[in-house]
Each structure stands twice: as structure tokens, then as C-alpha cells.
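Student: Sequence and predicted structure below; questions after.
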Amino acid sequence: MKCGHQLQALIALITLTKLALSFLPPPPALHSNYNTLNSRPPFHLQSNAENTVELVTRIIKSSPEISPTSVTVTTDETDPNGSHCTLTVVSPSFTGLTTLKRQRMVYKAMWDVMDTGRIHAVDGMTCLTEEEERS
């Protein structure tokens, strides 16, 4: 009879837990353009290294907030799909900004393409003013 009471108590506990969890709100989206994992392209269809360089260069050069004078993008040769890159961006817009604020500007320009999974990671980023590049 003791096992019966323990089983009933366990069932009651599980029922109460499910009930409590049903009142919790769903988790918030990470970003307004949040995509689920199912919306990402299959691994074998993601960009290759050559396309990554062209894509990132085009996105950063077209950013009116950054208006770069120079963009250099390299990919890791050991990354088969080219989803990791290293950036050097030179822009007069970076004058007077901290390194963190400069990098945030670049990430903001790249966010949509990173959100889709085409760019998985930026392994390194250097953001310079024209004066810093010359010295």
C-alpha cells in the first residue's frame, strides 16, 4: 500500500508541474528577424569561402552608417563552407569611437546575414580610422 501512495504523490507532482509550466510565457525572440533553425539553409548549401568574402565585402561597403574606405575579408582555409571570416574595416565614421562601438556598427550591418547562418562567426575584427591605418 505504501507504493500506491508514493505513486499517487508522484503523479500529483507531475500534474502540478505541467500545470505550472503552462502559465509561463513563451521564450522571447532573440532578434526581430529571428529565424528558427529549420529556416536555415542545409549545411551543404551554405556559402563557400569565395562567396563569403564577396558577400561580407558588399554588405559592409553598402552600409551608409560605416561608409568604409577599405574592407578586407579573409576566410579560414580549414573551414570547408567559408562561414568563418576575419575583417579589417577602415572608415572615417570610426573617428572618436571606442573599439567596441566600431565593432557594433559592423555587426549591425552584418546581422541579417549572420542571423541566417551564412556567416557563422567573425574570428577577428579590426576597425580603424584612415589616420590609424596610415600610422
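Tutor: Thanks, I have the structure now.

Student: residue contacts, the residue nearest in space to the middle of the chain?
Tutor: For the chain, residue 114 is the residue whose C-alpha lies nearest the centre (C-alpha atoms, centre = their mean; 4.6 Å). Applying C-beta atoms under 8 Å, 6 or more residues apart in numbering to residue 114 gives the contacts 107, 120. Just so you know, the C-beta spots here come from the backbone N, C-alpha and C atoms, and that holds for glycine as well.

Student: Could you confirm it falls within a helix?
Tutor: Yes: assigned with DSSP: H, G, I helix; E, B strand; the rest coil, residue 114 falls within a helix.

Student: the helices in the chain, which residues?
Tutor: In the chain, the helices defined using DSSP state H lie at 2-22, 49-61, 99-115, 130-134.

Student: mind checking which of the ones you listed is nearest residue 75?
Tutor: Among the helices of the chain, the nearest to residue 75 by C-beta to C-beta is helix 49-61 (4.1 Å).

Student: quick one: buried residues of that closest one?
Tutor: 49, 52, 53, 55, 56, 57, 59, 60 (16 or more other C-beta atoms under 10 Å).

Student: quick check, nearest of those to residue 134?
Tutor: Using C-beta to C-beta, the buried residues of helix 49-61 come closest to residue 134 at residue 60, 20.2 Å.

Student: what residue ranges in this structure score low on pLDDT?
Tutor: Scanning the chain for pLDDT under 70 picks out the ranges 1-3, 21-50.

Student: if you set the cut-off to 50 instead, what comes out?
Tutor: For the chain, residues meeting the criterion pLDDT under 50 lie at 30-47.

Student: tell me the contacts of the residue nearest to residue 106 when sequence neighbours are not counted?
Tutor: Among residues not flanking residue 106 along the chain, residue 89 sits closest, at 5.7 Å (C-beta to C-beta, 6 or more residues apart in numbering). Applying C-beta under 8 Å, 6+ apart to residue 89 gives the contacts 60, 66, 68, 70, 71, 72, 102, 106, 125, 126, 127, 128.
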